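>>> kindly return the folded structure for what I paste below:
(one chain, ligands or ions: 1)
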Amino acid sequence: MADDLRTRYMQAAATWRAHRETCEPCRSEQHCPAGAPLYRRLADIQDARIRRIREQGGNR
Ligand SMILES: [Zn+2]
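Numbering: from 1, shown residues only. Next up, the predicted model:
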């Protein structure tokens, strides 16, 4: 399951980067209507990854 989360993260990051490269507002952190959900999705997945790492790190 961790690998699945990682795959989704890589895909979301690649999609976001590809959009940002062609989008002036997103490059200056003024997310356009098309870029905002891409960025939001990446941030959500990143949060989930951090939570999982914290949970795993809490085992000791
Ligand atoms: Zn954009």
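
>>> every contact and neighbour count from this point should use C-alpha atoms.
OK.

>>> got a list of what the spatially most central residue of the chain touches?
Centroid-nearest residue in the chain, with C-alpha atoms, centre = their mean: residue 42, separated by 1.8 Å. Residues in contact with residue 42 (C-alpha atoms under 8 Å, 6 or more residues apart in numbering) are 9, 12, 13, 16.

>>> could you measure from it over to the ion?
Residue 42 is 14 Å from the ion, where distance means C-alpha to the ion, to the nearest Å.

>>> now do the buried residues in the helix or strand harbouring that residue.
Secondary structure assignment for residue 42, by DSSP states H and E: helix 35-57. Within helix 35-57, the residues that qualify as buried are 35, 38, 39, 41, 42, 45, 46, 49, counting by 16 or more other C-alpha atoms under 10 Å.

>>> pLDDT below threshold where in this structure?
1-2, 58-60 (pLDDT under 70).

>>> what residues does it put near the ion?
Counting by C-alpha under 5 Å from the ion, the chain comes close to the ion at 23, 26, 32, 35.

>>> of those residues, buried ones?
Buried subset of the residues of the chain next to the ion (neighbour count, 16+ other C-alpha under 10 Å): 23, 26, 35.

>>> does the second one sit in a helix, a strand or a coil?
Three-state assignment for residue 26 (DSSP: H, G, I helix; E, B strand; the rest coil): helix.

>>> roughly how far does it sit from residue 48?
From residue 26 across to residue 48, the span is 23 Å (C-alpha to C-alpha, to the nearest Å).

>>> again, but for residue 18
Residue 18 is 22 Å from residue 48, by C-alpha to C-alpha.

>>> equivalent analysis for residue 39, please.
Where residue 48 is concerned, residue 39 sits at a distance of 14 Å (C-alpha to C-alpha).

>>> repeat that for residue 16.
Counting by C-alpha to C-alpha, the gap from residue 16 to residue 48 is 17 Å.

>>> repeat that for residue 56.
For residue 56, the distance to residue 48 - C-alpha to C-alpha - is 12 Å.

>>> now the buried ones among the residues of the chain next to the ion in JSON lines, with distance to residue 4?
Shown next, in JSON lines, are those (distance: C-alpha to C-alpha, whole Å):
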{"residue": "23", "distance to residue 4": "28"}
{"residue": "26", "distance to residue 4": "27"}
{"residue": "35", "distance to residue 4": "23"}
